[in-house]
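Student: I'd like to go over a predicted model; first the sequence, then the structure.
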Amino acid sequence: MGAFLDKPKTEKHNAHGAGNGLRYGLSSMQGWRVEMEDAHTAVVGIPHGLEDWSFFAVYDGHAGSRVANYCSTHLLEHITNNEDFRATEKPGSALEPSVENVKSGIRTGFLKIDEYMRNFSDLRNGMDRSGSTAVGVMISPEHVYFINCGDSRAVLYRNGQVCFSTQDHKPCNPREKERIQNAGGSVMIQRVNGSLAVSRALGDYDYKCVDGKGPTEQLVSPEPEVCEILRAEEDEFIILACDGIWDVMSNEELCEFVKSRLEVSDDLEKVCNWVVDTCLHKGSRDNMSIVLVCFSNAPKVSDEAVKKDAELDKYLESRVEEIMEKSGEEGMPDLAHVIRILTAENIPNLPPGGGLAGKRNIIEAVYSRLNPHRENEGDPGAAEEGGTQGKLVEALRQMRINHRGNYRHLLEEMLSSFRLAQGLGPERSAEPAPPRPDSRTAPGDQDPDRDRPPAAQRPDEDAGSDEMSDKQT
C-alpha cells in the first residue's frame, strides 16, 4: 500500500476546554495519509503544585505513531518530574520554578523521555522505527515557554500581528548541518543522509547510534529549543500545528485566517475545523493537527463580520447555481470546472489567508445538492491535473518511494502488463541495467521519505522498510 489513500479521510477529532484565563480548541484529520500519525496534548492546570500553569503540544509522527502517541501521554510528566525542573522548589513551599529551571527542566525532560523510549523492545530491536517532532507551549501566569523539536511550529499573535514564531529544525540550517557532519553524516537533497527531512526529533533511533557522541551530538538530536516570552495584555492567541498545516499556509496567512474566523464564531473547535478543511483544499496531503489557545484579548465575534460572512456564503451559493445552470446544455460540469471559474473571479470578502479554499465546503455543499448522483471526485487537484494521468503520476511516484533502486525493471514490468491488458501484446525490451548502488531521488522531486533509516543501516533496500510513510516537502 502506498503512502496515500484513494480519497482523504476527513473525519475529525476535536476537543476544547478552558481554565487559567485561557480557552483552547483543537482539530486533527488523517487526510490523504494511509495512517494517522499525529498526536496532541492539552492540559489546563498542571498537577502537583502548578495548577495555574497549562501545557499544550502537537506531535507529528513519521514511520508510525508509536513515538508520537507515547509522548502525547508522558512527555509532560518527564518534564515536570525531573530534578532540574523542580530544583528551586522546597518541600511544602509555594515557590514556583525559576525561568532557568523551567527551561533546563524542559530540555532534560526531552532527553529523558528519548532515552526511556529507546529501551522499548520494539524500538530497540528495530521492529518500530518511528519518530516524532514536538512543538508545545507551557504557559505560566507570567511567561509563555515555547518548545520546539523538529519542523512543527508555534506562533504567538499579539496586538494584530505575528509576534513570535518557533524556527523549524531542518538539516540545511547551518548549525544543524554542522552537527550532522560532525557525527559523520551528510545533508543531501535537504535531508539527513538523503532520507530524513528533520534534524531534531524524538525517536528515530537509527540516526542516534554514533559511538563517542552524546545524545545532542547525533545525526538527529532530541534536544528542544526553548524560548520564554513575558505575557502581555495584548496577547491574542497561540497556534500550534504540524507541517501538514504550515506546508500550505504561512504564519501570517494562518493567523489572519484564524483572526477572521474568530470574528464570526466563538466555537474554537469549529475555527480549528475550518483551518484543517482549508488546508486540505489548499492541497495538503499530510496528516493535519492544530491546537488554538486563546487569551482573554482574543478577537471577539463581530456582528458586522458575521453579516459579511453570511452574505459571502449566499453569494457563493447563487454563483455556483448560475454556473451549473449555464453549463446545463453541455452536461453537468464537474466540481473542478466550477472551482476554476470561481478562482478566476474577483470575489470580495473571502477569508484572508484562506481565500476561496476557506469557503470550499460551501461550494461543495451546493454542488452536491444540485448534482446528488455525482461520483466522489476525491482530490479536486488531481482532477485538475487530468484525472487518470494524475493517478498514474501518483502511482509511479509511490512506486519509486516503495521500491527505490529498481525503477527501470519495475516500470518495464508494469508497461508489459498494461500492453497485455490493452491487447497490444508484449513488447521486447533490452535487459535492464542493474540499479546504481546509491540511487537517490532527484533534488527536484518532492517525496523522498523523511523516515527512512540511514543508508548504512538499511540491510535490504527492497524489504522491511517499505511501510514507512512518505514526507511531502
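Tutor: Received it, and whenever you're ready, just let me know what you need. Residues are numbered from 1 along each chain as shown.

Student: only C-alpha atoms for contact and neighbour calcs from this point on.
Tutor: Noted.

Student: How confident was the prediction at Gln472?
Tutor: The model reports Gln472 with a pLDDT of 33.

Student: Please apply the same query to Leu415.
Tutor: Reported pLDDT for Leu415: 62.

Student: Also Val155?
Tutor: The model's pLDDT for Val155 equals 99.

Student: Report the beta-bridge partners for it.
Tutor: Ser165, Ile239 (DSSP bridges).

Student: From Leu312, how far off is it?
Tutor: 29 Å (CA to CA, to the nearest Å).

Student: Residues in a beta bridge with Thr41, which ones?
Tutor: Ala57.

Student: Could you count how many residues lie near the residue nearest to Cys172 when sequence neighbours are not counted?
Tutor: With sequence-adjacent residues excluded and distances taken as CA to CA, 6 or more residues apart in numbering, Cys172 is closest to Gln190, at 5.6 Å. Neighbour count of Gln190, defined by other CA atoms under 10 Å: 20.

Student: His169 is in contact with Gln190, correct?
Tutor: No. In this structure Gln190 lies outside contact range of His169 using CA atoms under 8 Å: 11.4 Å.

Student: which residues touch Asn371?
Tutor: Met332 (CA atoms under 8 Å, 6 or more residues apart in numbering).

Student: likewise Arg179?
Tutor: 217-219.

Student: go with 7 Å
Tutor: 217, 219 (CA atoms under 7 Å, 6 or more residues apart in numbering).

Student: Ok, His281 next?
Tutor: His281 sits in contact with Ala357, where contact means CA under 7 Å, 6+ apart.

Student: okay, now the domains of the protein?
Tutor: 4-294, 303-383, 405-431 (automatic domain parsing).

Student: Could you look over those and pick the most buried one?
Tutor: With neighbours taken as mean count of other CA atoms under 10 Å, the domains of the chain reach their highest mean count in domain 4-294, at a mean of 20.

Student: ok so, going back, was I right about the residue nearest to Cys172 contacting Asn173?
Tutor: No. Assessed by CA atoms under 7 Å, Gln190 is found out of contact with Asn173, at 9.2 Å.

Student: what about the strands in this protein?
Tutor: For the chain, the strands defined by DSSP state E occupy 4-19, 22-33, 38-46, 50-62, 131-139, 143-149, 153-158, 161-165, 187-188, 191-192, 202-203, 225-230, 235-241, 288-294.

Student: Need those strands in JSON lines (columns: distance to Ile347).
Tutor: Converted to JSON lines, these look like this (distance: least, CA to CA, whole Å):
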{"stretch": "strand 4-19", "distance to Ile347": "27"}
{"stretch": "strand 22-33", "distance to Ile347": "28"}
{"stretch": "strand 38-46", "distance to Ile347": "35"}
{"stretch": "strand 50-62", "distance to Ile347": "35"}
{"stretch": "strand 131-139", "distance to Ile347": "36"}
{"stretch": "strand 143-149", "distance to Ile347": "38"}
{"stretch": "strand 153-158", "distance to Ile347": "27"}
{"stretch": "strand 161-165", "distance to Ile347": "25"}
{"stretch": "strand 187-188", "distance to Ile347": "43"}
{"stretch": "strand 191-192", "distance to Ile347": "41"}
{"stretch": "strand 202-203", "distance to Ile347": "45"}
{"stretch": "strand 225-230", "distance to Ile347": "39"}
{"stretch": "strand 235-241", "distance to Ile347": "28"}
{"stretch": "strand 288-294", "distance to Ile347": "28"}
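
Student: lowest average confidence, helix or strand, in this structure?
Tutor: Sorting the helices and strands of the chain by mean pLDDT, DSSP states H and E puts helix 380-385 at the bottom, at a mean of 43.

Student: Look up the pLDDT of Glu96 for me, please.
Tutor: Listed pLDDT for Glu96 reads 81.

Student: Could the C-alpha coordinates of stretch 190-202 be exported in CSV?
Tutor: Coordinates of each C-alpha in stretch 190-202 appear next as CSV, following Å, rounded to 0.1, in the frame of the first residue of the first chain:
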residue,chain,number,x,y,z
GLN,A,190,18.0,18.8,2.2
ARG,A,191,17.8,15.6,4.2
VAL,A,192,19.9,13.8,6.8
ASN,A,193,21.8,11.2,4.8
GLY,A,194,19.4,11.9,1.9
SER,A,195,16.5,10.5,3.9
LEU,A,196,15.1,12.3,7.0
ALA,A,197,13.7,15.8,6.4
VAL,A,198,14.1,17.0,10.1
SER,A,199,17.3,17.3,12.1
ARG,A,200,15.7,17.1,15.5
ALA,A,201,13.1,14.6,16.7
LEU,A,202,12.2,12.2,19.4
